[in-house]
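Trainee: coordinates only, sequence not included:
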Ligand SMILES: NC(=O)c1ccc[n+]([C@@H]2O[C@H](COP(=O)([O-])OP(=O)(O)OC[C@H]3O[C@@H](n4cnc5c(N)ncnc54)[C@H](O)[C@@H]3O)[C@@H](O)[C@H]2O)c1
Ligand SMILES: NC(=O)c1ccc[n+]([C@@H]2O[C@H](COP(=O)([O-])OP(=O)(O)OC[C@H]3O[C@@H](n4cnc5c(N)ncnc54)[C@H](O)[C@@H]3O)[C@@H](O)[C@H]2O)c1
Ligand SMILES: [Zn+2]
Ligand SMILES: [Zn+2]
């Protein structure tokens, strides 16, 4: 056989910083970080992308950014580009095109920065544009929702929806840094404050029983918008996600994706509801379904299942959704399993639960068992409702 | 400072195979490679993408592929998608969309394969589509031109042109394997047979004086379409490219790109001529210009310069183009330097020559000196013409 063997490794490194009021002129975190990167004398450009809803809740933000940048002689603020907030920014390519256009017109190069401020949706789109322009310009993420601070914004993936399919387009492209600013969280709606916590429940369930206990003990504080509890939970959740990425298969070349526990139905539900159900809400519903499935298939004991459902309820999540009322094997939701497998590739690999804190990979899910899990949950919810109205 | 540190490495490996008549049923190379990858019992899909001009020069190819695939029980041929040949496939996004559509409709997942057969242009487009669909499906390259076999097809980059700019979009995404089949080369036009050899001259000039001598000694044989000489040159050139990628900075996070010797003007010339000048032809012109610049700025001696120009002539390359007749600093070509810097990012870094086989990085090119080099080359070409007509 006549061949040449190619083989090399690439190292990726970045920090996830935790702060508050990042753009206060007295906060030197971002400035020091950028100053450290500026070695070669040339002035580098910063192109900001801002989630419109973040901008409208923080009307002084643009001016703060301008002032902050003007204090950095090695950097020039190229532009501030507002983009649609929420899933819509990933569904249409209008904002993606706007951003590419700005990257081109501002002459952003591979050593300049696209700094994205927003929820997970805006970060996914901006990360994708940053990854493909000039084969990747430097990208800084400033996540502004709970979900993006504890999960999506600290990882290595970006994406857009295409052909009506969630995350059909995207790449693996680590950021150069992430700045989690608690102050942004203060303006979140109740829905978005809660939504991302389901990712913490997910990662606790498959990796860390002690963190699950902490979540049980602090659910009420978090619901009362206690920022210390929120901060602790975000940092621990981000840490578990980072560790998982680094220790496993960062660019997901294999089949296993334990961090996608509860996600096969979540992605499908988001799509079937035209994204009116938030990712985090759908994940909570997916956790409820797959935990029940784990119980009914004899993996998980009943007290554990009840603890899981109780925690989700304490956090204010719905456990059932009309589209999760799977009555037969032709149900549209079950198509989600096929799409999940196709997106991952290879054998179907779904994580279920053995006990709280311990995941268990399976390569098959029985439609009949999914139907039973759905029924069991419907009954559980009815009983809970009766309790409430009593 | 409150932060979490992320750090991990990712290993990339692939082989570049050399063969002839890859799709003959008696040639087991591709079959054995795929059989080795098929571990988990599931049937995997192969989606073929074929350069239309390759298909028209090899009318039996589709049928051969069908027969070849039918002999692999672990694989299913999903579709054969014809796409435009040449730079046009990178300029418009029509074929890109067609390919994404096929990936979606055929249910190609991250463990299925997009196999692209064609010149560097088709491979760049197909590589890009494969890299962004599902955040990357497996990609096999079957380069069919000299340039794609000795350079573009064996590397880690893909791209599309956008905003009229060469390679504005793209990613770094290694293939899972490359199959170089000499038989495809037999149907190349004289232009495309020659064009890619300039990349070998380039890499020899900056890395390997002995290979440069080999090229001098074998230029006539290659021009007479001697396949053994062509094969030796392709393999050595591919090897030098692979070594460079592995030993340096595979995803080009820094500023240096010595393999882009002669390319700043080449990319601009391709754009200014609306891609009527081939990449390889433009690179030959760029080598002539930057070698002359190296000589005039006192880096390279005159005998070496004359050897370089003689080799390019022996290979049938033009050394001058009307658009390279740079008369003043406002010349459009010089804009290429800025665009080159922007595409790379950071400081301008251009490789010049110290001697044959030894490159030398500089961070500035003087417009006045470029003008002088252009004049010097124009005169050189005039004298050569007179010699010819004598
Ligand atoms: N890349 C990954 O690894 C990954 C992981 C998990 C989820 N995701 C994706 O993340 C997306 C969900 O992100 P999300 O939950 O952050 O929702 P989101 O980005 O859709 O934001 C929800 C809403 O909150 C608004 N908003 C954002 N910050 C705000 C603030 N500080 N104050 C007030 N309003 C604010 C947004 O404009 C939007 O309307 C989904 O598309 C999901 O697929 C990606
Ligand atoms: N990705 C990289 O690292 C990299 C490196 C160098 C060049 N490139 C790119 O490669 C492209 C040039 O590639 P190229 O020189 O292979 O030219 P090409 O792909 O444009 O092909 C030239 C012509 O030859 C035809 N053709 C291809 N194979 C044939 C065959 N076997 N028989 C007959 N005709 C055939 C094509 O249809 C086309 O018309 C440029 O876009 C350049 O930017 C990429
Ligand atoms: Zn999620
Ligand atoms: Zn080239």
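Mentor: All right, it came through fine. Keep in mind that what you see is a predicted model, and the values were worked out from it rather than measured. Ligands and ions are numbered 1, 2, ... in the order given.

Trainee: downstream neighbour of the worst-scoring helix or strand of chain A on mean pLDDT in the secondary structure list?
Mentor: Every helix and strand of chain A was ranked by mean pLDDT, DSSP states H and E. The lowest is helix A:335-344, at a mean of 80. Following helix A:335-344 in sequence order, the next helix or strand is strand A:350-355 (DSSP states H and E).

Trainee: buried residues in that following strand?
Mentor: Neighbour counts over strand A:350-355 (16 or more other C-beta atoms under 10 Å in any protein chain shown) mark A:350-353 as buried. Every residue, glycine included, has its C-beta placed from N, CA and C.

Trainee: Save those as a markdown table, and put in pLDDT and distance to ligand 2 too.
Mentor: Below are these laid out as a markdown table (pLDDT from 0 to 100; distance: C-beta to the nearest ligand atom, whole Å):
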| residue | pLDDT | distance to ligand 2 |
| --- | --- | --- |
| A:350 | 92 | 37 |
| A:351 | 94 | 37 |
| A:352 | 96 | 43 |
| A:353 | 97 | 45 |
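
Trainee: Not counting its neighbours along the chain, what's nearest residue A:133?
Mentor: residue A:103 (4.6 Å; C-beta to C-beta, 6 or more residues apart in numbering or on different chains).

Trainee: Next: residue A:22.
Mentor: residue A:181 (4.4 Å).

Trainee: Wait, a strand at residue A:166?
Mentor: Yes: membership of residue A:166 in a strand is supported by DSSP: H, G, I helix; E, B strand; the rest coil.

Trainee: my guess is it meets residue A:269, correct?
Mentor: No: between residue A:166 and residue A:269 there is no contact under C-beta atoms under 8 Å: 10.1 Å.

Trainee: Now do the strands in the stretch 51-200 of chain A.
Mentor: Using DSSP state E, counting those that start in this stretch, the strands assigned to the stretch 51-200 of chain A run over residues A:75-83, A:113-118, A:138-143, A:160-162, A:165-169, A:177-181.

Trainee: By mean pLDDT, show me the worst of those strands.
Mentor: The stretch with the lowest mean pLDDT among the strands of the stretch 51-200 of chain A is strand A:165-169, at a mean of 92.

Trainee: So residue A:211 belongs to a helix, correct?
Mentor: Yes: under three-state DSSP, residue A:211 falls within a helix.

Trainee: can you pull the pLDDT of it?
Mentor: Residue A:211 carries a pLDDT score of 98 in this model.

Trainee: how many other residues sit next to the nearest residue to it once chain neighbours are set aside?
Mentor: Nearest non-adjacent residue to residue A:211, counting by C-beta to C-beta, 6+ apart: residue A:204, 4.2 Å away. Applying other C-beta atoms under 10 Å in any protein chain shown, we find 25 residues neighbouring residue A:204.

Trainee: Isn't residue A:204 up against residue A:353?
Mentor: No: Residue A:204 is beyond contact range of residue A:353, at 11.1 Å (criterion: C-beta under 8 Å).

Trainee: still on that earlier bit, among the buried residues of strand A:350-355, which one sits closest to residue A:225?
Mentor: residue A:353 (29.3 Å; C-beta to C-beta).

Trainee: now that closest one: how far from residue B:333?
Mentor: 64 Å (C-beta to C-beta, to the nearest Å).

Trainee: Quick one: residues contacting the residue of the stretch 251-390 of chain A found nearest ligand 2.
Mentor: Of all residues in the stretch 251-390 of chain A, residue A:251 sits closest to ligand 2, at 19.8 Å by C-beta to the nearest ligand atom. Going by C-beta atoms under 8 Å, 6 or more residues apart in numbering or on different chains, residue A:251 touches A:156, A:172, B:10, B:136.

Trainee: Filter these down to the buried ones and express that as a PyMOL selection.
Mentor: Buried residues within the contacts of residue A:251, by 16+ other C-beta under 10 Å, are selected in PyMOL with:
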select buried, (chain A and resi 156+172) or (chain B and resi 10+136)
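
Trainee: Just name the closest of the contacts of residue A:251 to ligand 2, please.
Mentor: residue B:136 (16.0 Å).

Trainee: Tell me who's in contact with that closest one.
Mentor: Neighbours of residue B:136 in contact, by C-beta under 8 Å, 6+ apart: A:171-172, A:251, B:110, B:130, B:173.

Trainee: do that again at 7 Å, thanks
Mentor: Shown in contact with residue B:136 (C-beta atoms under 7 Å, 6 or more residues apart in numbering or on different chains): A:171, B:110, B:130, B:173.

Trainee: what about residue A:336, distance to residue A:160?
Mentor: Distance from residue A:336 to residue A:160, by C-beta to C-beta: 19 Å.

Trainee: and residue A:289, what does it touch?
Mentor: A:265, A:324, A:373-374, A:377.

Trainee: which residue sits closest to the residue nearest the centre of chain A, ignoring its sequence neighbours?
Mentor: Geometric centre of chain A, nearest residue: residue A:152, 2.7 Å, by C-alpha atoms, centre = their mean. Setting aside the residues directly before and after it, residue A:152 is nearest to residue A:120 in space (C-beta to C-beta, 6+ apart), at 3.9 Å.

Trainee: And for residue A:229?
Mentor: The shortest distance from residue A:229 to any non-neighbouring residue, by C-beta to C-beta, 6+ apart, is to residue A:221 (4.1 Å).

Trainee: any idea of the pLDDT on the one you found?
Mentor: So residue A:221 comes in at 98 (pLDDT).

Trainee: how far away is it from chain B?
Mentor: Using C-beta to the nearest C-beta, to the nearest Å, one obtains 20 Å as the distance from residue A:221 to chain B.

Trainee: re the thing from before, the least confident helix or strand of chain A and ligand 1 in contact?
Mentor: No: Helix A:335-344 lies out of reach of ligand 1 by C-beta under 6 Å from any ligand atom, never closer than 11.9 Å.

Trainee: roughly how far is that helix from the heart of the chain?
Mentor: Distance of helix A:335-344 from its chain centroid, counting by C-alpha atoms, centre = their mean, to the nearest Å, is 19 Å.

Trainee: does residue A:47 count as helix, strand or coil?
Mentor: Residue A:47 ends up strand, using three-state DSSP.

Trainee: Which residue does chain A have closest to ligand 2?
Mentor: Residue nearest to ligand 2 within chain A: residue A:135 (9.6 Å; C-beta to the nearest ligand atom).

Trainee: Can you give me every residue that contacts that residue?
Mentor: B:157, B:159, B:170-172.

Trainee: next one: phi and psi at it?
Mentor: phi 60, psi 30 (degrees, to the nearest 10).
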